[in-house]
Structure formats: structure tokens, C-alpha cells
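Trainee: Here is my input; please provide its structure:
(one chain, ligands or ions: 2)
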Amino acid sequence: MKVGIVGATGYAGQELVRLIIQHPKAELAWITSNTYKGKDYHRCYGNYTKIYEATCLEQDLEKLCQEVDVIFLATPHGLSSSLINKDLLDTVKIIDLSADFRLKDKEDYKNWYNQEHTNPSLLKDAVYGLCELNREQVKKAQLIANPGCYPTASILGVYPLLKEQLIDHQSILIDAKSGVSGAGRAPRLGTHYNEVNESTKAYGIGTHRHTAEIEEQYSYACDEKTIINFTPHLVPMHRGILATAYATLKENYSYDDIKAIYNQYYSQEKFVRVLDKDYFPETRWVKGSNYCDIGFKIDERTNRIVVVSAIDNLIKGAAGQAVQNLNILYDLEEDLGLEQIPVFM
Ligand SMILES: NC(=O)C1=CN([C@@H]2O[C@H](COP(=O)(O)OP(=O)(O)OC[C@H]3O[C@@H](n4cnc5c(N)ncnc54)[C@H](OP(=O)(O)O)[C@@H]3O)[C@@H](O)[C@H]2O)C=CC1
Ligand SMILES: CC(=O)N[C@@H](CCC(=O)OP(=O)(O)O)C(=O)O
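Mentor: Ligands and ions are numbered 1, 2, ... in the order given. As a prediction, this is how the structure comes out:
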């Protein structure tokens, strides 16, 4: 199938370009950029020299949509929703990497994103593209809301426990860390080298917009309105998310009881690796890959379970999951074009 990428010059867009040009069944028909329109892509990202030297086009989706089957939007929230309309969706499938179609309720969007949703009538049609949970809906979707990076790690880690009612759904705390690429390529005071290197900080305590996304998916999982504490941290590394979730167990389950549940949900999943007892995920073991690693420990003293999950924010947390969704849409093997072994260093 032919695909186009809007926002190909951003970090997530750049990873999409890398994955799509190596995908055996996808052809990258065009890329667009505002800032770099008319410029060759390898002038933005030197790693593409002699590999992909296409010129960035102006973002005229009405015209460009005629040339492709699927459009990826790797653009900021607020912008993505303004680019989509019914006519476009009648012509192409859209995989939106932004947050614009992840929350079902426009009021939630307004409250957490501090802006009105520009296209609320399309919210009901969008499918939340967390592949392992929603693949049947993804197959039929015209508009896919690719999940956020923190939510992908946080939801995959806790989902089986909530779905099987093993934990008190109101007891969940999540402490998550992200590499700086999560903040995108545009330079900002809070993310430049001197501000980030040799330091770690919490941010968005109680207000981070991914809280709503995680809460909504947790609520669907356990069928009860769920509220969590979510605290993200910025750590001085390029990529990676490590999410540590804490929850109170409803009964005295053994390690083997819980492991059996995780196996039930994930043993057939190519991209979810539930680690052996007393092994815990590290961002370096998933770096550059579409894997989500999960490890857990039961703290018998407190009767709480601690679940650790790790992903690469730009791959399983963004471009990789978007390509996994593309594969599901076209009934292809889910790992097509996503076989990369983690790079470790
Ligand atoms: N980084 C990450 O880890 C993750 C990112 N995401 C989401 O993916 C999307 C892209 O993020 P990321 O790549 O990090 O961001 P970047 O800031 O690195 O890139 C943003 C992209 O959007 C384009 N863009 C910005 N403003 C406009 C505009 N007004 N009109 C057209 N294009 C515009 C930029 O194009 P140009 O500068 O060429 O004009 C650039 O290509 C966001 O919605 C983000 O939330 C989701 C999960 C993880
Ligand atoms: C480190 C960092 O700044 N991370 C970003 C989240 C990543 C992102 O791109 O947001 P969406 O998943 O909603 O699209 C943040 O906290 O705002």
C-alpha cells in the first residue's frame, strides 16, 4: 500500500520514515513539512543521505490524498484534528500519532488539553490503536488514534490485572520516566542539553494530559471509573520510557497465579515480553524496537503489586505502534517491517 507522512520532519515522523522505507509491503509516496517544504529530507536528517532523499512537499492533503491509501499524521495535537474531515476519511485511512482522537469525550479533551476540540464529531469513529487490546476494532477502522507513549507502557503493564479484577482499581499509582525525545525536536528551554543533562525531574504532577488517557483505558478494562496518580519524570537519555505501577491486590495471590494471568494475555503477543521472575525491564533492552517488556513483583509486606514496563517512546510509543496498526489494517503479519532487534547502546 502507498502511504504519506505529514510531519515527517519531527522525531516521531522521522522514525516513521525509517520504518516505512524498510517495510516490505509499504511504499512511501510523499512526505510533507511546513518548515522544510521544498527541501530534501536528508538535509533535515543526514542519516538518510543516499537512502531517502525525497523533497518535502507542501501539506495539501486534498490533493495528496489521491496518491495514497493511508496517511500518518505525526503532527502536534490540535493540528491533527484540524487536518481531517469526512471527505478525507472517505478517501484514505488515517493513523494519527497525536492525542486528538484518543479521548472519547470532548469535555475531557478540553479539560486536559486546555483547548476546544476542533473536530468532535469524528471522536466516535476513531479507534484507540493499542494493538494488543483493540486489534479487532483496528481492522475495521478508518481513523486510528495511535496511543501516547506513557499510556502504552502504563496500560500494557496493568491491563491484565484490571481486566481480571485482581487489583483495587482505585489504588493505582504510576511513576514513569521518559527520555527527552518524548518532547519532540522543537527546541525549548526545559529540554535543551544544559537543562536536562545530569539531572532528573518530575513534571506535570496531577495535571499531565496522559493521566486522562490512561484512566479512560483503565476504566474500560475493569468496567469502573478509575482514577490514578500519574507522575512523569524527564531523565537525561534520548529515548525510552520506564513506567512503574503500584496497586493493592484484592487477595493474597502468589507470583505463579499472577504470572499465569500475564501469560494468558501476552504469551501469543509478539511485541510483549513478560520477563522471568526477578527480572525487570530496562529501557536499553527495548531501545530501537517495538517491544514492550513487563516485569512484576508482589510485595507481601504491603500486599501491593509493583509492575514495571519499558518501551521505546518513539517506536512502540509512537511510530512502531503506528506501523503495527497499519499491518493490522491490511491484514498483514503484525511484525512486518518491525523485526528490529533492540540496539542496546
Ligand atoms: N516524541 C514522542 O516520543 C511521541 C510523540 N507523539 C506525538 O507525535 C506527534 C509528533 O511528535 P514529535 O515528532 O515528537 O514532535 P516534533 O516537534 O519533533 O515534530 C512535529 C512535527 O509536526 C510538524 N508541524 C508542527 N507544526 C506544524 C504546523 N503548524 N503545520 C504543519 N506541520 C507542523 C513539524 O513540521 P515542520 O517543523 O517541518 O514544519 C514536525 O514535523 C505529536 O502529536 C506527539 O504528541 C506520540 C507519542 C510519542
Ligand atoms: C518527555 C516529554 O516531554 N514527553 C511528552 C509526552 C510525549 C508525547 O509526545 O505526547 P503524546 O503521546 O500525547 O502525543 C510530554 O510529557 O508532554
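
Trainee: Doesn't Asn194 belong to a helix?
Mentor: Yes. Counting by DSSP: H, G, I helix; E, B strand; the rest coil, Asn194 is found in a helix.

Trainee: how about stretch 37-52, does it reach ligand 1?
Mentor: No. Stretch 37-52 is not in contact with ligand 1 by CB under 6 Å from any ligand atom; minimum separation 7.5 Å. Where you see a C-beta, it was placed from the backbone N, CA and C, and this is true even at glycine.

Trainee: model confidence over that stretch, on average?
Mentor: Per-residue pLDDT over stretch 37-52 has a mean of 97.

Trainee: Buried ones in that stretch, by neighbour count?
Mentor: 41, 44-45, 48, 52 (16 or more other CB atoms under 10 Å).

Trainee: Looking at these, which one is closest to Leu130?
Mentor: Of all the buried residues of stretch 37-52, Leu130 sits closest to Tyr45, with 28.0 Å by CB to CB.

Trainee: what about the nearest residue in space to the closest one that is not next to it in sequence, distance to Gly184?
Mentor: Spatial nearest neighbour of Tyr45, excluding adjacent residues (CB to CB, 6 or more residues apart in numbering): Gln14 at 5.6 Å. Distance from Gln14 to Gly184, counting by CB to CB, to the nearest Å: 11 Å.

Trainee: Equivalent analysis for Ala247, please.
Mentor: Per CB to CB, Ala247 is found 31 Å from Gly184.

Trainee: Quick one: the helices in the chain, in order.
Mentor: 11-21, 41-44, 61-64, 79-83, 86-91, 106-113, 131-139, 149-163, 193-196, 210-222, 255-266, 320-329 (DSSP state H).

Trainee: contact partners of stretch 331-341?
Mentor: Outside stretch 331-341, the residues that touch it by CB atoms under 8 Å, 6 or more residues apart in numbering are 19-20, 22-26, 131, 139, 270-271, 288-290, 315, 320, 323-324, 326-328.

Trainee: now do 7 Å
Mentor: By CB atoms under 7 Å, 6 or more residues apart in numbering, the residues outside stretch 331-341 that reach it are 19, 22-26, 131, 270, 288-290, 320, 323-324, 327-328.

Trainee: ok, now stretch 56-64?
Mentor: Outside stretch 56-64, the residues within contact range by CB under 7 Å, 6+ apart are 4, 6, 8-9, 30-34, 36-39, 41, 83, 88.

Trainee: Now, of those, which are buried?
Mentor: 4, 6, 8-9, 30-33, 36, 41, 83, 88.

Trainee: Many thanks, we can stop here.
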